[in-house]
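Participant: give me a model of this one.
(one chain, ligands or ions: 2)
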Amino acid sequence: MLSPGSTGVLPDAHAQNMHVGGSKGSISGNYAMAEADLLIVIGSRAVCQADCSGIGYKSAQAVININGDLADAMHYNRTLALVGDITAVAERLAIKLETASTSANKSDWLAACAAKKAEWGAYKRARFEAAPIRDDVWQRPALAQPAAIKIVADFAREIGAAKFFDAGDVQANGFQIVEDDKTGDTFTESGASYMGFAASALLASALADNPRYGIAFTGDGSFMMNPQILIDGIEHGVRGMIVIFDNRRMAAITGLQVAQYGAGFRTNDGVAVDYVRLAGSVSGVLAVHGGWTADELKRALKAAYAHDGLSVVHVPVYCGEHELAGLGAWGQWNVGNWCEDVQRTWMEQDL
Ligand SMILES: Cc1ncc(C[n+]2csc(CCOP(=O)(O)OP(=O)(O)O)c2C)c(N)n1
Ligand SMILES: [Mg+2]
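Facilitator: Ligands and ions are numbered 1, 2, ... in the order given. Below you'll find the predicted structure:
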């Protein structure tokens, strides 16, 4: 089970990679978090995005925590802490395990996990392949965010680009979507809730000795926290792309409002912004419209990538109640009026 900051530590298709877990999480990752009777932590800081989402670890009877940080190693009760360099500890353990026999129920557990992973795979696919959905703001069908992000993530893999995910639904959908086979391909702000992180991270690549082409995935709300990146990006010679997923609202917050109170409140507006003209007004930036369909978005990404410098792609996305418009929340989040319940069940488990 991965935390959002550790996608790629094991290839995505590996049978024992149960995908991301936590308050957004996945069907398979959260299943493993809820059902495992032994928890082996490797290097986790146990912050909210990693494992304090209420879903873990209700069945765990014991913890082995391999960690370089003493405080993190002792985060849970009933812990055997193996403190030190993770690689060195893991290597010594692996040598010992070569001669040990596996427990009798291991294959049952792996089969149950594989079934949940297949369920998550089918659930994701339905959303990735969803046709554009009629949207009230755009007054026409537009791609939903999961489908649009998947297209851009696949393009990043094709060209070997680093992916930077901003705060909000863009990030939550992002780490649910990415299917990395190695570390270092995806960067999130790991729960710091720093709106504007993605564009800033892209700008930082201008300082690198060997800069890598990067794609910043950002929402309309987060992008407007830091639009000066367009000027600094040109000034410092960034090569990369900013993709703005525009739902004309702070959808992550609308989603919480609807889930907690049954209504959205002042997290959207009626002000249209033409991000192609806004970004295109900065000399040196190539700005293109991302279109309304998968094919149009793919063409826009190619055009943006062909520009030897900083480019911006404006992708209007659907936002609403349609079931294919989101990747779901599979955990319990310790926020707002949920806190009491989440904390009570957390304290009950005594881990
Ligand atoms: C400075 C700051 N204010 C408020 C928040 C809370 N917050 C987290 S995500 C988000 C909205 C993000 O909106 P957008 O970038 O448009 O992404 P969307 O959720 O719509 O995809 C807000 C307000 C924050 N993280 N940082
Ligand atoms: Mg938004």
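Participant: so what's residue 32 up against?
Facilitator: Residue 32 makes contact with 1, 18, 21, 113, 116, according to Cβ atoms under 8 Å, 6 or more residues apart in numbering. Heads up, the C-betas are built off the backbone N, CA and C, glycines and all.
Participant: I figured the last one was touching residue 21, is that so?
Facilitator: No: using Cβ atoms under 8 Å, residue 116 makes no contact with residue 21, being 11.2 Å away.
Participant: with neighbour numbers in mind, choose between the two.
Facilitator: More crowded of residue 116 and residue 21, by other Cβ atoms under 10 Å: residue 21, with 29 against 19.
Participant: is the residue nearest to the more buried one when sequence neighbours are not counted in a helix, a strand, or coil?
Facilitator: Residue nearest to residue 21 in three dimensions, not counting chain neighbours: residue 29, with 3.2 Å by Cβ to Cβ, 6 or more residues apart in numbering. Classification of residue 29 by DSSP: H, G, I helix; E, B strand; the rest coil places it in helix.
Participant: next up, the contacts around residue 304.
Facilitator: Shown in contact with residue 304 (Cβ under 8 Å, 6+ apart): 241, 286, 288, 311-313.
Participant: low-confidence ranges in the stretch 51-200 of the chain?
Facilitator: Scanning the stretch 51-200 of the chain with the threshold set as pLDDT under 70 gives 51-53.
Participant: can you show me the helices along it?
Facilitator: Remark: helices assigned in the stretch 51-200 of the chain by DSSP state H, counting those that start in this stretch are 70-73, 86-98, 106-128, 145-159, 169-177, 197-204.
Participant: most neighbours per residue, which of those?
Facilitator: helix 169-177 (a mean of 28; mean count of other Cβ atoms under 10 Å).
Participant: just the residues contacting that one, thanks.
Facilitator: 4, 7, 20, 24-26, 124, 128, 145-146, 149-150, 153, 163, 165, 186, 188-189, 198, 217-219, 222, 245, 247, 251-252, 255, 326-327.
Participant: any idea of the angle that helix forms with helix 145-159?
Facilitator: Put simply, helix 169-177 runs at 60 degrees to helix 145-159, going by axes from the mean of the first three to the mean of the last three Cα atoms, to 10 degrees.
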